[in-house]
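Asker: Coordinates only, no sequence provided:
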């Protein structure tokens with residue numbers, strides 16, 4: 001929907017391209033898109049203001065990423081910051097101030113079909129549905145990839161390195177390979193926005209023995225991180241991969257810092273014997289911070305990142321080595337990219353409920369997910385089709401702290417800073433810093449299958465990650481605990497008694513009820529806040545079998561030549577339970593290894 005403010009801006013553009021170059025468009029294209037249903041929506045509104053095809057399209061050929069269209073959008077309307085200022089409304093979320101960072105206009109706005117807010121892929125924002133086409137829905141990402149098994153490409157391209165997926169692992173692999181000397185790199189991202197699940201990461205990145213820990217007097221070692229990860233994963237993790245995760249974690253922090261991404265804030269996550277969860281200064285979300293950094297790096301270094309470009313098939317030679325992929329582009333259709341090496345960084349399966357239930361039938365289809373809609377398991381499925389092995393296939397993690405009413409995860413950093421779990425009866429029921437599997441099971445057993453995180457103004461000021469709940473209008477507050485309890489629907493007398501007892505434990509530095517480690521921060525500074533949380537599908541610990549060089553292993557135990565994988569698409573690192581902070585650590589470390597190993601193969 002075009003607002004009056006946007007129409008005013010658009011009116012100022014009349015004449016910039018109007019009637020200047022319609023001849024560059026075939027007459028049949030102009031005819032098809034200037035009448036009927038294609039001429040409705042934004043195209044029709046632009047036309048009423050005197051703008052023609054070339055006002056949005058420099059040429060008749062549209063790229064899959066639609067960058068050229070977006071460039072013309074911003075010429076008239078301004079960048080996201082400018083548009084956000086025009087569309088700010090009290091009490092309503094502003095999509096132009098998205099936590100996903102700088103997103104393309106066409107991620108939401110379509111010229112020749114109904115526009116739909118990208119945010120509503122995950123969030124239920126009535127205001128956005130009202131302002132867009134009320135009947136429009138986000139396109140489904142569920143697709144049977146078997147139908148492409150015999151599909152033929154319209155044309156073929158050549159590159160040195162092909163990276164599939166633009167989460168942290170994919171970005172890091174691309175940067176590492178380019179720094180090693182690989183010149184021709186293509187990154188594919190099937191969604192309209194780069195970042196994958198990495199852009200949603202809340203808590204931080206686990207690393208042991210860092211300068212930031214030492215500056216705060218925190219004693220930690222790779223050996224401690226290894227032991228914690230193995231214990232958290234129920235000793236089911238691959239020790240070789242866990243050792244790499246722990247021993248390379250500090251180097252990964254330093255690698256980021258050397259390139260301008262500094263993770264200096266240190267907090268403590270569940271299952272960790274020391275505070276090692278690193279994030280940006282001030283305790284803000286690590287995912288958006290790193291994703292913005294990576295996007296800027298890729299742009300500055302001219303790496304070819306293609307949006308709306310989905311891998312639908314892997315090609316192999318007679319020896320079973322991977323030689324390239326079949327791509328389905330939004331506008332370009334099916335084409336082939338041949339590559340000397342392919343890195344899969346396609347993420348997990350958390351948004352594919354059919355696949356989740358096929359592996360774990362006991363997980364109800366009513367359970368929410370914290371995953372972005374592209375997490376369909378494509379990389380794992382296609383790799384299996386060329387013989388790849390999968391480990392820990394049934395290990396799907398629920399996160400206990402999905403914000404009720406939205407797919408936002410409330411990070412363990414909030415609990416690590418002093419938040420307390422209570423149920424609707426106002427009573428504690430578990431240590432706030434135990435592992436996610438245990439906590440999820442405990443929360444599910446509470447009245448209504450939810451619980452509350454209770455914290456005070458100290459935590460609110462210290463941890464910026466609480467901001468999301470407030471911005472979404474889903475946090476409750478009170479000047480007293482009794483007032484908070486009333487506003488949140490918690491038993492007031494029990495809440496007051498629980499927090500009084502908790503503060504006594506914090507004063508003594510010991511929690512005899514639930515043995516919370518490192519208990520010290522009292523909940524005693526008004527205002528007081530409550531965030532309601534519930535378990536949700538969060539992370540896939542299973543995935544492709546890899547070795548320490550990130551080479552994908554087939555079902556016969558052999559390396560699949562030319563195929564590497566990193567991040568959530570792989571299994572073996574987390575075993576039966578992932579500790580908070582280990583996923584970002586995994587993506588950076590194994591992304592570095594994948595980029596290095598792929599580069600060595602290409603350049604030798």
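Answerer: Happy to help now that I have it. The shown structure was predicted, so the numbers you read here are calculated from the model rather than taken from an experiment.
Asker: Do I have it right that residue 94 meets residue 83?
Answerer: No: counting by CB atoms under 8 Å, residue 94 sits too far from residue 83 to count as a contact (9.3 Å). (Glycine included, C-beta is placed from N, CA and C.)
Asker: Comparing these two, which residue is more hemmed in?
Answerer: With neighbours defined as other CB atoms under 10 Å, residue 94 and residue 83 compare such that residue 83 has more, 22 against 17.
Asker: So that one lies in a strand, does it not?
Answerer: No: read with DSSP: H, G, I helix; E, B strand; the rest coil, residue 83 is helix and lies in no strand.
Asker: From what I see, it and residue 77 are in contact.
Answerer: Yes: Residue 83 is within contact range of residue 77, at 5.5 Å (criterion: CB under 8 Å).
Asker: Any regions of the stretch 501-604 of the chain where pLDDT drops low?
Answerer: Of all residues in the stretch 501-604 of the chain, none has pLDDT under 70.
Asker: all helices of the stretch 101-250 of the chain, in order?
Answerer: 126-131, 168-180, 211-215, 222-232, 239-247, 249-258 (DSSP state H, counting those that start in this stretch).
Asker: Between residue 94 and residue 83, which contacts overlap?
Answerer: Common contacts of residue 94 and residue 83 (CB atoms under 8 Å, 6 or more residues apart in numbering): none found.
Asker: what about residue 562, which helix or strand?
Answerer: Using DSSP states H and E, residue 562 sits within strand 559-565.
Asker: what comes up buried for whichever helix or strand comes after that strand?
Answerer: Downstream of strand 559-565, the next assigned helix or strand under DSSP H and E is helix 582-603. Residues 582-599, 601-602 are the ones in helix 582-603 that count as buried (16 or more other CB atoms under 10 Å).
Asker: cool, and stretch 67-87?
Answerer: Residues 69-70, 72-73, 76-77, 80, 83, 86-87 are the ones in stretch 67-87 that count as buried (16+ other CB under 10 Å).
Asker: For residue 498, find the nearest of the helices of the stretch 101-250 of the chain.
Answerer: Among the helices of the stretch 101-250 of the chain, helix 222-232 comes nearest to residue 498, with 27.4 Å by CB to CB.
Asker: how much does the closest one deviate in direction from helix 582-603?
Answerer: For helix 222-232 against helix 582-603, the angle by axes from the mean of the first three to the mean of the last three CA atoms, to 10 degrees is 110 degrees.
Asker: And the contacts of helix 222-232?
Answerer: Helix 222-232 has contacts (CB under 8 Å, 6+ apart) with 206-209, 237, 239, 242-243, 245-247, 249-250, 271-274, 276, 435, 573-575, 577-579, 582.
Asker: same question, stretch 393-402
Answerer: With CB under 8 Å, 6+ apart as the contact definition, stretch 393-402 has outside contacts at 236, 349-350, 356, 359-360, 363, 367-368, 370, 408-412, 436-437, 439-440, 442-443, 451, 453, 533-542, 571, 574-578.
Asker: Give the buried subset of those as a ChimeraX selection command.
Answerer: Buried residues among those (16+ other CB under 10 Å), as a ChimeraX selection:
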select :349,350,356,359,367,368,370,408,409,410,411,412,436,437,439,440,442,443,451,453,533,534,535,536,537,538,539,540,541,542,571,574,575,576,577,578
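Asker: Looking at the contacts of stretch 393-402, which are in strands?
Answerer: Filtering these for membership in strands, criterion DSSP state E, returns 451, 453, 533-540.
Asker: List of residues touching the strand holding residue 562?
Answerer: Outside strand 559-565, the residues that touch it by CB under 8 Å, 6+ apart are 173, 314, 319-323, 339-345, 379, 383, 386-388, 543-544, 546-547, 549-554, 594, 597-598, 601.
Asker: quick one: low-confidence ranges for the stretch 1-150 of the chain?
Answerer: 1-23, 126-127, 129-135.
Asker: mind checking which of the helices of the stretch 101-250 of the chain is nearest residue 99?
Answerer: Of all the helices of the stretch 101-250 of the chain, it is helix 126-131 that lies closest to residue 99, at 14.4 Å by CB to CB.
Asker: my read: residue 248 touches residue 596, true?
Answerer: No: using CB under 8 Å, residue 248 is not in contact with residue 596; the gap is 11.3 Å.
Asker: which of the contacts of strand 559-565 are buried?
Answerer: With burial judged by 16+ other CB under 10 Å, the buried subset of these is 173, 314, 320, 322-323, 339-345, 379, 383, 386-388, 543-544, 546, 549-554, 594, 597-598, 601.
Asker: In strands only, show me these.
Answerer: Mapping the buried ones among the contacts of strand 559-565 onto strands (DSSP E) picks out 314, 322-323, 339-344, 543-544, 551-553.
Asker: Widest-spaced pair of those residues?
Answerer: 340 and 543 (23.8 Å).
Asker: Quickly note the distance from the residue sitting nearest the centre point of the chain to residue 351.
Answerer: With distances taken as CA atoms, centre = their mean, the residue of the chain nearest its centroid is residue 197 (2.0 Å). When distance is defined by CB to CB, to the nearest Å, residue 197 is 9 Å away from residue 351.
Asker: Common neighbours of those two, please.
Answerer: Common neighbours of residue 197 and residue 351 (CB under 8 Å, 6+ apart) are 371-372, 375.
Asker: from the residues you listed, which single one is nearest residue 503?
Answerer: For those, the residue nearest residue 503 by CB to CB is residue 371; the value is 36.9 Å.
Asker: and the gap between the residue lying closest to that closest one once chain neighbours are set aside and residue 370?
Answerer: Spatial nearest neighbour of residue 371, excluding adjacent residues (CB to CB, 6 or more residues apart in numbering): residue 350 at 3.3 Å. Residue 350 is 7 Å from residue 370, where distance means CB to CB.
Asker: Could you do residue 439 as well?
Answerer: Taking CB to CB, one finds residue 439 at 15 Å from residue 370.
Asker: What of residue 433?
Answerer: Residue 433 sits 20 Å away from residue 370, going by CB to CB.
Asker: same deal with residue 402?
Answerer: Noted for residue 402: a distance of 6 Å to residue 370, by CB to CB.
Asker: which residues do these two both contact?
Answerer: The contact sets of residue 402 and residue 370 overlap at 408-409, 536, 538 (CB under 8 Å, 6+ apart).
Asker: Save the residues you listed as JSON lines, and put in distance to residue 558 too.
Answerer: Converted to JSON lines, these look like this (distance: CB to CB, whole Å):
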{"residue": "408", "distance to residue 558": "42"}
{"residue": "409", "distance to residue 558": "38"}
{"residue": "536", "distance to residue 558": "37"}
{"residue": "538", "distance to residue 558": "33"}
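Asker: Which single one of those is nearest to residue 159?
Answerer: When the shared contacts of residue 402 and residue 370 are ranked by distance to residue 159 (CB to CB), residue 538 comes first, at 33.7 Å.
Asker: Specify the beta-bridge partners of the closest residue to that closest one other than its chain neighbours.
Answerer: Excluding the flanking residues, the one nearest residue 538 by CB to CB, 6+ apart is residue 399, at 3.5 Å. As for beta bridges, residue 399 partners with residue 536 under DSSP bridges.
Asker: ok so, going back, so of the ones in strands among the contacts of stretch 393-402, which two are at opposite extremes in space?
Answerer: Pairwise distances across those peak at 24.9 Å for 453 and 540 (criterion: CB to CB).
Asker: and the gap between the residue nearest to residue 371 and residue 358?
Answerer: Taken as CB to CB, the span from residue 350 to residue 358 is 14 Å.
Asker: What of residue 102?
Answerer: Distance, residue 102 to residue 358, by CB to CB: 37 Å.
Asker: before we move on, what about residue 543?
Answerer: Using CB to CB, residue 543 is found at 15 Å from residue 358.
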